[in-house]
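Peer 1: Curious how this folds, go ahead:
(2 chains)
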Protein chains: 2
Amino acid sequence: MQRSRRWFLRASAFWSSAAIACRGRSGAPPAEPRSIGAPISAYGARSRFEKAARFVNRNTKAPLEEAASQTPLHDTFGIITPSSLHFERHHSGVPEIDPAAHRLTIHGLVDRPLVLTVDELKRLPSISRIHFLECSGNSSSEWRGGSSGSDVQRIHGLTSCGEWTGVSAALLLRECGVHADAAWVLAEGADAGKHDRSIPMQKMMDDALVVYGQNGEPLRPEQGYPLRLLLPGWEGNANVKWLRRLKVTDQAAMTREETSKYTDLMPDGTARQFTFVMEPKSVITQPSGGDRLPVAGVYEVTGIAWSGRGAIARVEITTDGGATWAAADLQTPVLPRAHTRFRWLWKWDGRNAVIASRCTDETGYTQPPLGELIARRGTNSFYHNNGIQAWRVAPDGTITNGNRA
Amino acid sequence: MQRSRRWFLRASAFWSSAAIACRGRSGAPPAEPRSIGAPISAYGARSRFEKAARFVNRNTKAPLEEAASQTPLHDTFGIITPSSLHFERHHSGVPEIDPAAHRLTIHGLVDRPLVLTVDELKRLPSISRIHFLECSGNSSSEWRGGSSGSDVQRIHGLTSCGEWTGVSAALLLRECGVHADAAWVLAEGADAGKHDRSIPMQKMMDDALVVYGQNGEPLRPEQGYPLRLLLPGWEGNANVKWLRRLKVTDQAAMTREETSKYTDLMPDGTARQFTFVMEPKSVITQPSGGDRLPVAGVYEVTGIAWSGRGAIARVEITTDGGATWAAADLQTPVLPRAHTRFRWLWKWDGRNAVIASRCTDETGYTQPPLGELIARRGTNSFYHNNGIQAWRVAPDGTITNGNRA
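Peer 2: The predicted structure is shown next:
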């Protein structure tokens, strides 16, 4: 109750700003439908007036089958990412898999290997949870000082959040009778490149899911239809899509994807390997790069925060480049390892400003300034950039990437 | 931790049943993609192998523009209903509205009338919440003993749940300066029939939202694009779609939709009017009418529960027609006025059984047996059937509507 009272007191300032200039509007009332509309339908689609899209970069040498597309974070609401706008990252394109022909094989260091159909998996006890998925290469442009002309979608759009439904991996592995020396599980996809990663047994037995549902309906093809591995809070590429095989082993398989790729090169030439956990991160999505504030006044500053270590405990906002911070409101319920929507009202005085968010998770880890991250990890690193994102607001209201010097 | 241990102990029984007969599978491994798949895309679609659809009844005299379509509850997961499968109920079809031309007018007993564009609303402080919407006519077939051949979609599919984003109605009304004698708000849609309902001011100031977002993206046309009223926990028709006008008044407008329609005729000939709140209700969605259990064994019994009065406190399952009841597991977090997924493991012995769920909400209201509801309200009533739904399981595993005598 206290929060909502405070909220309204602060919100009342909104109306005094010219951001809303709706009183005294004159002229004819808008045209209204005078005829019967469209009939009911079996499966709906969005309005033809809506154009939000995943960003598809066509200026690369890589083919679009070996590419990524990014969620339009600026134009999505709340914490659920629409399945049609969930980010993509494929190494061999999106396979078209007939679920009736698909199988999940569990073998290796087990007493009883299993081969399961999708329908059999769907008959097992189910679990649904809301979790984010983030590509470890998200925000990688910022290691070297930020790209010019960037917006929040292009910089940070490799993160999305959905309600996933599937079966506990532990349930499956226990049924197989995992041997005492089993320590890893190799997860392999059914895409042409057979994308694979070694997953520690501890994670598999803790909270890993074999998922068939996304936001209430079957997984989308781009997200691994008909089955994917879901490792709450862990980097996207380990959440193997089009999952066809779990091989229980006593050591990591050292596949290409965990040796030459998906390791983090440090300044001293060594590489951090198996850096699975996505560390706490937040970003202001509105207003953000590419926006233009029309006049001085009160604006809602909103964005998302998430942590692979658990729930977000706190999000703070600065409008003076980090000199002072104020607590934002968090949308409830705050879910562990899920996007958390934050909101905060800002009275912009029409001068230069640098706005940014930083989050702290329930383990006490606070998102670091970008400079601090670079000082620790150097700029050889490509992955796991969770530094604070600054947005620079000019007196004319234009907003640009504040990470650039 | 106790819960999950118990869960696994119970789940282990699963594997001994022939419901899963996956061991010893032989033959060639399934075909795998050997070529590069599809490229990334701007806006995704579901797999062509998936066919779940809203039920569209073509055997009525009403045109499909003045009709309803129902969510396939049997085939949806978790608590989020995919926007493409959210139930529909339209009186004049789905208007196609250009959001740039749409306006929301707030007038009547106010000091300062407001005319707002959609963009202006989007700049105001926002709120996102997960709530169900249920048509007051949902489950109406059961007043007279249940329809033969019915499945959960046809009987109960006029309920759905989503994450809605919009602006507090109280924020808008406060800015207008509501007069002291204001007691009602007439909400009017921009469909051809100008669907309208009178809403008590208290609800408008409590938790009503003017919504523009659904599951992370703009409202779907069938759900009121570009704006709808959202009254958490209240009957669907009061959540006016394609919202164009809020008129503040000192009494209810007594429109057609709240006099000849949407009232509940009691046995004594009087009618209950303004029965807005959707009372606690639950239904087993799997296994349910139309399913066939292949053999005796352990099955997951799952479904959804919801209450317009607040959060679900408890869901119980019977397999002996109501003689004994056992507590189901609730998917967390349990959200107020939202679908709540329940799950329970059942060892079916292969004999006749009658399975059902009943829920109790945080106010202590328990979903009534259908007979008790009929005894109180008679069978003149069409709306607000929240009676317990029974499913009859025959020795051959076929499942039919257990509400029929």
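Peer 1: Can you tell me, leaving aside adjacent residues, what's nearest to the residue of the stretch 301-405 of chain A found nearest chain B?
Peer 2: The nearest approach of the stretch 301-405 of chain A to chain B comes at A:Pro333, 4.6 Å away (CB to the nearest CB). Quick note: C-beta positions are derived from backbone N, CA and C, even for glycine. Once its chain neighbours are removed from consideration, A:Pro333 has its nearest residue in B:Pro333; the separation is 4.6 Å (CB to CB, 6 or more residues apart in numbering or on different chains).
Peer 1: before we move on, what SS does A:Ile130 have?
Peer 2: Assigned by DSSP: H, G, I helix; E, B strand; the rest coil, the conformation of A:Ile130 is strand.
Peer 1: which ones are touching it?
Peer 2: For A:Ile130, the contact set (CB atoms under 8 Å, 6 or more residues apart in numbering or on different chains) comprises A:Ile79, A:Ile80, A:Cys161, A:Gly162, A:Glu163, A:Trp164, A:Leu335, A:Ala338.
Peer 1: Just the pLDDT for the residue nearest to A:Pro333.
Peer 2: If you check B:Pro333, the pLDDT there is 97.
Peer 1: just A:Arg144 next, same as before
Peer 2: A:Arg144 is assigned a pLDDT of 84 by the prediction.
Peer 1: Look up phi and psi at it.
Peer 2: Note on A:Arg144: its backbone torsions stand at phi -110, psi 30 [degrees, to the nearest 10].
Peer 1: now do A:Glu372
Peer 2: Comment: the main-chain dihedrals of A:Glu372 come out as phi -70, psi -40, following degrees, to the nearest 10.
Peer 1: show me where the stretch 201-350 of chain A has helices.
Peer 2: Ranges of helices within the stretch 201-350 of chain A are A:201-206, based on DSSP state H, counting those that start in this stretch.
Peer 1: Can you name the residues of it that neighbour chain B?
Peer 2: A:213, A:215-218, A:220-222, A:225-226, A:244, A:299-300, A:302, A:331, A:333, A:335, A:341, A:343, A:345 (CB under 8 Å from any CB of the partner chain).
Peer 1: Buried subset of these as a PyMOL selection?
Peer 2: To isolate in PyMOL the members of these that are buried, counting by 16 or more other CB atoms under 10 Å in any protein chain shown, one can use:
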select buried, chain A and resi 213+215+216+217+218+220+221+222+225+226+244+299+300+302+331+335+341+343+345
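Peer 1: next SSE after the lowest-mean-pLDDT helix or strand in chain A?
Peer 2: In chain A, no helix or strand scores lower on mean pLDDT, DSSP states H and E than helix A:2-11, which sits at a mean of 40. Using DSSP states H and E, the next helix or strand after helix A:2-11 towards the C-terminus is strand A:55-56.
Peer 1: is that next one up against chain B anywhere?
Peer 2: Yes: contact between strand A:55-56 and chain B, assessed by CB under 8 Å from any CB, occurs at A:Val56.
Peer 1: One more: stretch A:159-168?
Peer 2: Yes: using CB under 8 Å from any CB as the criterion, contacts between stretch A:159-168 and chain B involve A:Glu163, A:Trp164, A:Thr165.
Peer 1: and chain A, what are its domains?
Peer 2: A:88-272, A:281-401 (automatic domain parsing).
Peer 1: In JSON lines, list those domains along with distance to B:Arg309.
Peer 2: Rendered in JSON lines, the data for these read as follows (distance: least, CB to CB, whole Å):
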{"stretch": "domain A:88-272", "distance to B:Arg309": "24"}
{"stretch": "domain A:281-401", "distance to B:Arg309": "19"}
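Peer 1: do you know which of those lies nearest B:Glu257?
Peer 2: When the domains of chain A are ranked by distance to B:Glu257, counting by CB to CB, first place goes to domain A:88-272 at 29.7 Å.
Peer 1: All set, thanks.
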